[in-house]
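*Asks:* Have a look at this fold, sequence not included:
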Ligand code: AMP
Ligand code: ZN
């Protein structure tokens with residue numbers, strides 16, 4: 001067997017083991033039921049991230065759906081229309097809904113009658129926070145920090161264990177002056193590296209870009225890279241050669257400030273930034289690194305994740 005074939009076989013076997021041990025299949029790519037073993041680690045991660053929370057942070061937990069209007073106003077359809085999922089329902093009176101349900105599959109079935117609602121599936125945890133912050137008027141001198149989380153959806157079905165359609169995201173979000181956003185991001189990059197070390201995870205920081213849509217998106221991605229607006233922490237999940245983005249550190253500059261009329265006390269447009277933890281990917285990285293048997297994980301890692309009895 002040549003080297004390429006050996007490598008080709010190795011990677012799926014490794015992730016197949018993780019898949020079997022940690023998830024139950026749903027019949028849809030990128031959508032899994034999570035086992036108790038996986039969830040214990042997820043809970044440990046959430047607690048650890050809370051332990052690193054700064055002072056004066058407002059905690060908000062969002063539902064997995066958000067206002068369609070607000071996501072539109074945030075510019076999401078310009079940047080990532082290919083990833084968005086919208087909530088659709090059957091509308092109308094009893095007769096209309098009954099007719100839709102009874103429509104035969106060859107005529108499009110009930111799905112042909114679906115129409116949009118005012119909800120979309122949240123693609124990231126921080127989108128709902130900017131309109132909330134804007135409603136409160138000018139941002140006080142020291143800025144605002146939020147701790148937010150939600151189940152996120154992105155339409156990117158994949159056989160790769162680390163690319164899910166539904167996954168959990170936790171974020172710290174800063175709203176304030178440009179220099180404050182940079183300082184917030186720098187603090188969090190350092191803190192996040194400490195967290196990865198506490199967890200015994202090999203990690204590297206890399207410049208990154210978002211998966212912007214289409215040809216214009218390619219230009220946006222290059223500009224994002226050049227300006228170092230997005231950094232990611234890469235940690236091995238599927239392979240050490242192709243580590244997975246498990247956290248991101250983002251400067252949005254005045255994008256959300258402009259969209260929502262967010263102002264600092266001196267009248268300038270507020271800047272925003274966020275640090276995002278991909279909770280499911282971090283949990284997977286821990287299992288990939290330390291094995292499937294939680295009891296055998298290093299004591300320090302178990303302590304960090306509150307797994308010790
Ligand atoms: P992003 O907003 O793309 O920077 O995403 C924030 C974090 O969410 C990433 O660093 C990942 O850890 C996680 N994430 C993004 N997309 C997915 C996905 N399809 N499946 C699992 N986790 C994801
Ligand atoms: Zn964010």
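*Replies:* Sure thing, it's come through. Just so it is clear, the model here is predicted, and its values are computed rather than measured. Ligands and ions are numbered 1, 2, ... in the order given.
*Asks:* Output the set of residues of this protein in proximity to ligand 2.
*Replies:* Within the chain, the residues that sit near ligand 2 (Cβ under 5 Å from the ion) are 126, 171, 274. From N, CA and C alone the C-beta is placed, and that goes for glycine too.
*Asks:* Let me see the contact set for the first one.
*Replies:* Taking Cβ atoms under 8 Å, 6 or more residues apart in numbering as the definition of contact, the neighbours of residue 126 are 146, 148, 171, 173, 274, 276.
*Asks:* what about 7 Å?
*Replies:* By Cβ atoms under 7 Å, 6 or more residues apart in numbering, the contact set of residue 126 is 148, 171, 173, 274.
*Asks:* Export those as TSV, with columns for pLDDT.
*Replies:* As requested, the contacts of residue 126 are arranged in TSV below (pLDDT from 0 to 100):
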residue	pLDDT
148	99
171	99
173	99
274	98
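*Asks:* for these, which one is nearest residue 291?
*Replies:* Nearest to residue 291 among these, counting by Cβ to Cβ, is residue 171 at 29.0 Å.
*Asks:* Are we agreed that the closest one is in a strand?
*Replies:* Yes. Per DSSP: H, G, I helix; E, B strand; the rest coil, residue 171 lies within a strand segment.
*Asks:* Any idea what it is bridged to?
*Replies:* Beta bridges link residue 171 to residue 148, residue 276 when assigned by DSSP bridges.
*Asks:* now do the one 4 residues further on
*Replies:* Taking DSSP bridges, one finds residue 144, residue 272 as the beta-bridge partners of residue 175.
*Asks:* if I look at it, how far off is ligand 2?
*Replies:* Distance of residue 175 to ligand 2, given as Cβ to the ion, to the nearest Å: 12 Å.
*Asks:* Please, where are all the strands along the protein?
*Replies:* Ranges of strands in the chain, per DSSP state E, are 23-25, 32-34, 58-61, 65-67, 86-90, 114-121, 144-153, 166-176, 204-207, 230-235, 244-253, 271-278.
*Asks:* roughly how far out does the first one sit from the chain middle?
*Replies:* How far strand 23-25 lies from its chain's middle: 20 Å, per Cα atoms, centre = their mean, to the nearest Å.
*Asks:* Show me the shaky parts of the chain.
*Replies:* For the chain, residues meeting the criterion pLDDT under 70 lie at 1-13.
*Asks:* Among the contacts of residue 126, which ones lie close to ligand 1?
*Replies:* Contacts with ligand 1 are made by none of the contacts of residue 126, judged by Cβ under 6 Å from any ligand atom.
*Asks:* So which of the strands of the chain is the most surrounded?
*Replies:* Most buried of the strands of the chain, by mean neighbour count (mean count of other Cβ atoms under 10 Å): strand 271-278, with a mean of 25.
*Asks:* Give me the residues contacting that strand.
*Replies:* The contact list for strand 271-278 (Cβ under 7 Å, 6+ apart) reads 49, 124, 126, 130, 167, 169-178, 181, 184-185, 188, 192, 246-254, 256-257.
*Asks:* mind running it again at 8 Å?
*Replies:* 45, 49, 124-126, 130, 167-178, 180-182, 184-185, 188, 192, 245-257, 262.
*Asks:* before we move on, what about stretch 252-267?
*Replies:* Contact with stretch 252-267 is made by 73-75, 130-131, 133-134, 137-141, 175-178, 229, 269-274, as judged by Cβ under 8 Å, 6+ apart.
*Asks:* What of stretch 171-186?
*Replies:* Stretch 171-186 has contacts (Cβ under 8 Å, 6+ apart) with 53-54, 57, 124-126, 129-130, 133, 139, 142-149, 188, 231, 249-251, 253, 257, 262, 264, 268, 270-277.
*Asks:* and residue 77, how far is that from residue 83?
*Replies:* 10 Å (Cβ to Cβ, to the nearest Å).
*Asks:* Of all the residues in the stretch 151-300 of the chain, which one is nearest ligand 1?
*Replies:* Closest approach between the stretch 151-300 of the chain and ligand 1, counting by Cβ to the nearest ligand atom: residue 278, at 1.8 Å.
*Asks:* got a list of what the residue nearest the centre of the chain touches?
*Replies:* Centroid-nearest residue in the chain: residue 169, 4.1 Å away (criterion: Cα atoms, centre = their mean). By Cβ under 8 Å, 6+ apart, residue 169 lies in contact with 124, 125, 149, 150, 152, 276, 277, 278, 279.
*Asks:* Distance of it relative to residue 110?
*Replies:* Counting by Cβ to Cβ - residue 169 and residue 110 are separated by 32 Å.
*Asks:* now residue 31
*Replies:* For residue 31 relative to residue 110 (Cβ to Cβ), the value is 21 Å.
*Asks:* And for residue 34?
*Replies:* Going from residue 34 to residue 110 by Cβ to Cβ gives 30 Å.
*Asks:* cool, residue 277 as well?
*Replies:* Separation of residue 277 from residue 110 (Cβ to Cβ): 38 Å.
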